[in-house]
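Chemist: Need a 3D model of the following:
(2 chains)
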Amino acid sequence: MKNDRLLVGIIIIVSVAGILYFGIRAITENSKKDGENPFDYNIEKFKKSEKGLVHYSEVRRLDPGLQRLHAIAVGPDNKVYISGEDSVVILNRDGGPHSSIKTPGTVFCLAVDRNGDLYAGLKDHVEVYDAKGDKTAQWESLGERAILTSIAVSRESVFVADAGNFIVWKFDKSGTKQARIGEKNKAKDIPGFVIPSAYFDVSVDPDGFLWVVNPGRHSLENYTAAGGFRTSWGEYSMEPAGFCGCCNPTHMAVLEDGSFVTSEKGIARVKVYNRLGELVSVVAAPDQFSEGVVGLDLAVDSSGRIYVLDPKEKVVRIFEKGVKK
Amino acid sequence: MKNDKEGKLTSRRDFIRSGLHTAAGIALGGLAGVLISRSASGDMVWQLDPNICVQCEKCSQNCVLPQSAVRVVHSFSMCGYCDLCSGYLQPGAKSRDTGAETRLCPTGAIKRTYVEEPYFEYTIDEELCIGCGKCVKGCGAFGNGSLYLQVKHDRCLNCNECSIGRSCPSGAYRRVPASSPYILRGDEGKK
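Modeler: The predicted structure is shown next:
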């Protein structure tokens, strides 16, 4: 009888303790939730994860004196080419003005050949200017749907990224079309480009292979000069190792050792990946950019410096390896 | 007789006076009628400019209606039809599906429909949308900005002073002609 009472007492005490514990826990958890706004869109926590990975410092800013900045390229002698509304401004290696070229429209993408020839991509066609700034050719229009977003030059060819037609055009240097690269083809294992917005970048690596950003698939794809699909790398992640949002990276450049520099929108950040696609370093973290900046076009020079076009600040920002103390 | 005569004169004056009063009354009434009818027919209506809007959530809270007249609209011509839609999925969502825990919209007002690999279409359920603009922020942060807010004129009461407009921190509210009551984006906005 005594044991029964003891047992009942223990059960009652345990039950009351359990009710109190879970009740208090529920109340405290709910009060925590009350502090969060369910209608708030917050990506701040993803902007703070780059700290400790930054191995570059901003060493200089170049002001091209343009109101709208669209594209950047670094040419021979490390001259810097920047396109604006209706001109391309050329700056010397030291940032001083070199010259400028008046263009018939907005140049959305640029590439400079070893001999100084400038390939300027307007909305639907390419124009070629020699090292003196004289127009030497205007290539045929790529059609009404064309939206040219990037140009890359190899020894023999010019590759033009067309976000409107979802392909990369291959030309010889006289402007003759040679191939359409990257069209979806199951038989050839070509996944096809997914380009939700007008950011679609190409680059040629030191071995002469073509690299194309496939932003909707968060990857960089590698093609032979003839258009054969070789490999790809990249994955979606809001964390630094991956590419964030619906469609990133927006821009890409290849360093002389074959590693990659990428930039993203949404969470504005510039990073370096090695040849295998592994994150090596953050060049510029999100807190180094103005809110809402997009169009961080990239270029690299012969000494490995990284040039970031910042359309919001209207400057070119130069980053060098090494952290300022 | 005099009385009669005076009475006649008086009544003529009265007649003229009352005639003038009546005419003035009709004129005033007509003017008021025109103003009222203009107001009622909505020659000018309230709309928010999506290019100025900062998605502060006030649209969902400050309308005089119990459920705001502001809704999200979708420009299909601008949409990227992304699998990983930042207007539909929580930032950093573990999976890309229709699970409640992955969806960004607090009321589940966006419907995701498979089109073809890797594309999805997103449509708005107006009955569920409360105009909080959370999806607009997500779409604008990473995507093309194809999702945006608009005052829906089948719901708006067109108050003299818009209650939301009064509290709008970015001044995005303005009067627009009732004949073109929306400020649309993409091909939908091209006339």
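
Chemist: Name the nearest residue to A:I195, sequence neighbours excluded.
Modeler: A:A163 (4.9 Å; C-beta to C-beta, 6 or more residues apart in numbering or on different chains). In short, each C-beta sits where N, CA and C put it, glycine included.

Chemist: Verify the stated contact: that neighbour with A:W169.
Modeler: No - here A:A163 does not reach A:W169: they are 11.8 Å apart, not a contact under C-beta atoms under 8 Å.

Chemist: Give me the pLDDT for whichever residue of chain B sits closest to chain A.
Modeler: Closest contact between chain B and chain A, by C-beta to the nearest C-beta, is at B:G80 (2.3 Å). pLDDT, B:G80: 95.

Chemist: any idea what sits nearest it, other than its immediate chain neighbours?
Modeler: A:P196 (2.3 Å).

Chemist: Check the burial of the one you found by counting its neighbours.
Modeler: Counted by other C-beta atoms under 10 Å in any protein chain shown, the residues lying close to A:P196 total 25.

Chemist: What are the boundaries of the strands in the stretch 151-300 of chain A?
Modeler: A:157-162, A:167-172, A:177-181, A:202-204, A:210-214, A:219-223, A:229-233, A:251-254, A:260-264, A:269-273, A:279-284, A:298-300 (DSSP state E, counting those that start in this stretch).

Chemist: low-scoring stretches of the chain, by residue?
Modeler: By default, I'm working from chain A. A:1-2, A:27-36, A:49, A:324-325 (pLDDT under 70).

Chemist: meant chain B actually
Modeler: For chain B, the ranges with pLDDT under 70 are B:1-17, B:19-20, B:23-25, B:27-42, B:191.

Chemist: Look up which residues are beta-bridged to the residue nearest the centre of it.
Modeler: Nearest residue to the geometric centre of chain B (C-alpha atoms, centre = their mean): B:V151, 1.9 Å. Per DSSP bridges, the residues bridged to B:V151 are B:V70.

Chemist: And the residue of the stretch 51-200 of chain A closest to chain B?
Modeler: Counting by C-beta to the nearest C-beta, the stretch 51-200 of chain A gets nearest chain B through A:P196, at 2.3 Å.

Chemist: which one is B:V73 nearest to, not counting chain neighbours?
Modeler: B:V73 sits nearest to B:Q150 (C-beta to C-beta, 6+ apart), 4.8 Å away.

Chemist: what's the answer for B:R175, then?
Modeler: B:M44 (4.2 Å).

Chemist: That neighbour: how many residues sit nearby?
Modeler: By other C-beta under 10 Å, neighbour count at B:M44 equals 15.

Chemist: Okay, and the beta partners of it?
Modeler: B:M44 has these beta-bridge partners by DSSP bridges: B:P177.

Chemist: Could I get the contacting residues of it?
Modeler: B:R175, B:V176, B:P177, B:A178 (C-beta atoms under 8 Å, 6 or more residues apart in numbering or on different chains).

Chemist: what about the helices in chain B?
Modeler: B:2-41, B:58-61, B:134-142, B:163-167 (DSSP state H).

Chemist: Kindly apply the preceding question to chain A instead.
Modeler: With DSSP H as the criterion, chain A has helices spanning A:2-35.

Chemist: For it, which residues are neighbours of chain B?
Modeler: Neighbours of chain B within chain A, by C-beta under 8 Å from any C-beta of the partner chain: A:37-43, A:46, A:194-197, A:216-218, A:236, A:238, A:244-248, A:265-266.

Chemist: Weed out the non-buried ones from those.
Modeler: Among those, those classed as buried by neighbour count (16 or more other C-beta atoms under 10 Å in any protein chain shown) are A:39, A:41, A:43, A:46, A:194-197, A:216-218, A:236, A:238, A:244-248, A:265-266.

Chemist: The residue of the stretch 51-200 of chain A closest to chain B reaches A:T250, doesn't it?
Modeler: No - look at A:P196 against A:T250 with C-beta under 8 Å: they stay out of range, at 11.1 Å.

Chemist: Name the residues contacting each of the two.
Modeler: A:P215.

Chemist: re the thing from before, for A:R230, see how far away the residue nearest to B:R175 is.
Modeler: Separation of B:M44 from A:R230 (C-beta to C-beta, to the nearest Å): 60 Å.

Chemist: Please apply the same query to A:D63.
Modeler: On the measure of C-beta to C-beta, A:D63 and A:R230 end up 40 Å apart.

Chemist: circling back to that earlier point, touching, the residue nearest to B:V73 and B:A69? I think so.
Modeler: No - counting by C-beta under 8 Å, B:Q150 does not reach B:A69; the two are 9.4 Å apart.

Chemist: could you redo the strands of the stretch 151-300 of chain A as TSV and give each row mean neighbour count?
Modeler: Shown next, in TSV, are the strands of the stretch 151-300 of chain A (neighbours: other C-beta atoms under 10 Å in any protein chain shown):
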stretch	mean neighbour count
strand A:157-162	25
strand A:167-172	21
strand A:177-181	17
strand A:202-204	23
strand A:210-214	25
strand A:219-223	22
strand A:229-233	14
strand A:251-254	24
strand A:260-264	25
strand A:269-273	25
strand A:279-284	20
strand A:298-300	24
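
Chemist: Would you convert the ones you listed into JSON lines that also reports distance to A:D189?
Modeler: Shown next, in JSON lines, are the strands of the stretch 151-300 of chain A (distance: least, C-beta to C-beta, whole Å):
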{"stretch": "strand A:157-162", "distance to A:D189": "20"}
{"stretch": "strand A:167-172", "distance to A:D189": "16"}
{"stretch": "strand A:177-181", "distance to A:D189": "14"}
{"stretch": "strand A:202-204", "distance to A:D189": "19"}
{"stretch": "strand A:210-214", "distance to A:D189": "13"}
{"stretch": "strand A:219-223", "distance to A:D189": "11"}
{"stretch": "strand A:229-233", "distance to A:D189": "6"}
{"stretch": "strand A:251-254", "distance to A:D189": "22"}
{"stretch": "strand A:260-264", "distance to A:D189": "22"}
{"stretch": "strand A:269-273", "distance to A:D189": "23"}
{"stretch": "strand A:279-284", "distance to A:D189": "26"}
{"stretch": "strand A:298-300", "distance to A:D189": "28"}
